[in-house]
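Participant: Have a look at this fold, sequence not included:
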């Protein structure tokens with residue numbers, strides 16, 4: 001992780017941590033680095049989610065971009081994957097998304113995309129960081145007619161909607177779906193997409209007011225969707241996060257279908273149709289043991305990366321794979337998108353239901369989920385990285401790993417987007433792994 005950018009862009013409490021001044025500096029440096037060698041004015045597109053601070057940070061970013069002579073094209077409220085799509089379609093030099101994804105309203109973030117629509121590699125982010133933090137005098141401001149202009153792309157949402165609809169090979173007539181838009185970016189397009197493909201939609205949390213994004217809703221709070229599916233007798237439910245790059249599902253009985261099960265469903269479907277490149281799926285170290293068991297039984301090759309959809313994508317590109325993702329619902333289908341796309345994921349699940357004529361619960365039955373416990377420990381900045389050297393923490397991890405043996409595993413890692421140490425344990429017995437996870441978490445809390 002760099003000094004400004006974590007696993008998913010720059011992120012922090014908006015205005016006080018991720019300040020307007022920093023947003024302006026990121027706008028300037030990103031415009032210069034990402035348009036290097038271009039003749040004429042660079043073109044940068046900017047999207048945002050619905051949180052109250054997004055307008056403020058957008059203004060700062062636009063000011064930074066235009067102050068170094070690049071033109072800013074404002075897309076408005078739109079999903080993150082739409083920025084990844086449209087940066088290419090609009091022939092822009094770079095794309096920016098203002099969002100803190102699944103985080104609560106006080107947070108915000110800045111994600112950067114290259115002109116090809118992919119998230120930036122670490123080396124390019126490091127170059128932008130260096131320009132901001134170490135070589136600010138190398139940034140030359142423009143004046144007079146050299147200043148960039150501001151434009152508004154009024155068709156951005158519909159351009160994205162049409163792309164997702166074109167990616168579906170069948171319509172969804174006869175399917176009743178509940179859509180939880182997390183009061184975020186999906187609010188502007190989810191209903192258009194799924195009703196446009198013939199589904200009957202029950203909408204919840206699609207009325208953003210700037211303060212209610214991810215608030216007890218969306219992919220991080222699935223309970224409301226589960227209740228809605230059951231009460232409205234829906235065939236399936238889909239929950240997006242604040243910027244709609246994640247999707248989790250709920251079957252007709254209200255049972256969760258997480259990212260691991262979605263990957264298993266898609267692996268089966270794509271393998272049957274001969275569409276699964278190299279017969280492989282890319283997952284992360286957080287992926288449930290049950291997926292690895294499913295893959296072995298169904299002859300699906302598994303490539304494993306560290307946590308973060310950018311690392312999943314890098315492995316997919318390196319290995320020539322077209323399916324990958326995370327338990328959290330970041331699903332990447334490289335045949336259709338350059339990044340995780342929640343609404344694309346949702347349409348693909350309904351496509352599999354339509355093709356197989358199976359209920360969502362039947363499809364999810366292809367994989368058994370091992371019990372998994374996740375305990376988050378909030379840490380102060382001075383404790384970052386300390387657990388990796390703490391003898392008591394390391395001894396406990398080793399002791400419990402030995403006891404679990406091949407029937408479980410322990411993963412302790414620091415979040416790339418929040419000040420947290422995550423303690424994850426899988427095993428056959430929920431009570432045992434809960435005890436182990438809480439014990440390790442307590443030791444992390446007590447570190448000096």
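Facilitator: Perfect, I can see it now. None of the values given here were measured: they were computed from a predicted structure. Numbers count the residues shown, from 1 in each chain.

Participant: And stretch 104-114, what's buried?
Facilitator: 105-114 (16 or more other C-beta atoms under 10 Å). All C-beta atoms are positioned from the backbone trio N, CA, C, and that covers glycine.

Participant: and of those, the nearest to residue 79?
Facilitator: Distance to residue 79, by C-beta to C-beta, is smallest for residue 111 among the buried residues of stretch 104-114, at 11.6 Å.

Participant: Any idea how far the helix or strand where the closest one lies is from the middle of the chain?
Facilitator: Per DSSP states H and E, residue 111 falls inside strand 107-114. Averaged C-alpha coordinates place strand 107-114 at 11 Å from its chain's average position (C-alpha atoms, centre = their mean, to the nearest Å).

Participant: what's the following helix or strand past it in contact with?
Facilitator: Counting by DSSP H and E, the element after strand 107-114 in chain order, helix or strand, is helix 122-133. Helix 122-133 has contacts (C-beta atoms under 8 Å, 6 or more residues apart in numbering) with 2-5, 22, 25-26, 29-30, 32-34, 112, 114, 120, 138-139.

Participant: Quick one: buried ones out of those?
Facilitator: 4-5, 22, 25-26, 29-30, 32-34, 112, 114, 120, 139.

Participant: The residue nearest to residue 164 when sequence neighbours are not counted and residue 323: what is the separation?
Facilitator: Spatial nearest neighbour of residue 164, excluding adjacent residues (C-beta to C-beta, 6 or more residues apart in numbering): residue 193 at 5.2 Å. Residue 193 sits 21 Å away from residue 323, going by C-beta to C-beta, to the nearest Å.

Participant: what about the stretch 1-150 of the chain, any weak spots by pLDDT?
Facilitator: Residues of the stretch 1-150 of the chain that meet the criterion pLDDT under 70 lie in 1-2.

Participant: now do 90
Facilitator: Where the stretch 1-150 of the chain drops to pLDDT under 90, the residues are 1-10, 34-40, 119-123, 125.

Participant: in it, which spans are strands?
Facilitator: Ranges of strands within the stretch 1-150 of the chain are 5-6, 9-13, 43-48, 71-77, 94-98, 107-114, 150-152, based on DSSP state E, counting those that start in this stretch.

Participant: So in that sheet, which strands flank the fourth one, and in what orientation?
Facilitator: Under the criterion DSSP bridges, strand 71-77 sits next to strand 43-48 (parallel), strand 150-152 (parallel) in its sheet.

Participant: following the last one, which helix or strand comes up?
Facilitator: Spelled out, it's strand 150-152. Criterion used, DSSP H and E; the element after strand 150-152 is helix 156-166.

Participant: now the helix or strand following that next one, how far from the centre of its chain.
Facilitator: Downstream of helix 156-166, the first helix or strand assigned by DSSP H and E is strand 176-180. Distance of strand 176-180 from the chain centroid (C-alpha atoms, centre = their mean) equals 20 Å.

Participant: Do me a favour and average the pLDDT over strand 176-180.
Facilitator: The average pLDDT for strand 176-180 rounds to 98.

Participant: which strands and helices sit next to it?
Facilitator: Here strand 176-180 touches helix 190-196, strand 200-204, helix 223-231, strand 236-240, helix 342-356, going by 3 or more C-beta pairs under 8 Å, 6 or more residues apart in numbering; DSSP states H and E.

Participant: Helix, strand, or coil at residue 233?
Facilitator: Secondary structure for residue 233, judged by DSSP: H, G, I helix; E, B strand; the rest coil, is coil.

Participant: For the residue nearest to it when sequence neighbours are not counted, give its distance to residue 83.
Facilitator: The shortest distance from residue 233 to any residue other than its chain neighbours is 7.1 Å, reached at residue 176 (C-beta to C-beta, 6+ apart). Counting by C-beta to C-beta, the gap from residue 176 to residue 83 is 31 Å.

Participant: Compare those two and say which one has the larger neighbour count.
Facilitator: Shown here are residue 176 and residue 83; by other C-beta atoms under 10 Å, residue 83 has more neighbours (31 against 17).

Participant: My read is that that one contacts residue 47, right?
Facilitator: Yes: in this structure residue 83 lies within contact range of residue 47 using C-beta atoms under 8 Å: 4.3 Å.

Participant: Overlap in contacts, those two.
Facilitator: Residues touching both residue 83 and residue 47 (C-beta under 8 Å, 6+ apart) are 75, 95-97.

Participant: Kindly indicate which of those residues lies nearest residue 433.
Facilitator: Among the shared contacts of residue 83 and residue 47, residue 97 lies closest to residue 433 (C-beta to C-beta), at 36.2 Å.

Participant: and that closest one, bridged to which residues?
Facilitator: residue 47, residue 111.

Participant: Settle this for me: residue 87 is touching residue 43, isn't it.
Facilitator: No: between residue 87 and residue 43 there is no contact, the gap being 9.2 Å when judged by C-beta under 8 Å.

Participant: who has more neighbours, these two?
Facilitator: Using other C-beta under 10 Å, the more surrounded residue of residue 87 and residue 43 is residue 87, with 28 against 23.

Participant: out of everything not next to it in sequence, what's closest to that one?
Facilitator: Nearest residue to residue 87, sequence neighbours excluded (C-beta to C-beta, 6+ apart): residue 95, at 3.5 Å.

Participant: Repeat that for residue 12.
Facilitator: residue 18 (4.0 Å).

Participant: Against residue 6, how distant is that neighbour?
Facilitator: 11 Å.

Participant: out of these two, which sits in the more crowded spot?
Facilitator: More neighbours surround residue 18 than the other of residue 18 and residue 6, with 25 against 19 (other C-beta under 10 Å).

Participant: beta partners of that one?
Facilitator: Under the criterion used (DSSP bridges), residue 18 bridges to residue 14.

Participant: my guess is it meets residue 106, correct?
Facilitator: No: contact between residue 18 and residue 106 fails when scored by C-beta under 8 Å: they sit 10.4 Å apart.

Participant: In helices only, show me the buried ones among the contacts of helix 122-133.
Facilitator: Under the assignment DSSP state H, the buried ones among the contacts of helix 122-133 contribute 22, 25-26, 29-30, 32-34 to helices.

Participant: burial count for residue 273?
Facilitator: By other C-beta under 10 Å, 9 other residues sit near residue 273.

Participant: Could you check how far it is from residue 351?
Facilitator: From residue 273 across to residue 351, the span is 11 Å (C-beta to C-beta).

Participant: Residue 63 now?
Facilitator: Residue 63 is 43 Å from residue 351, by C-beta to C-beta.
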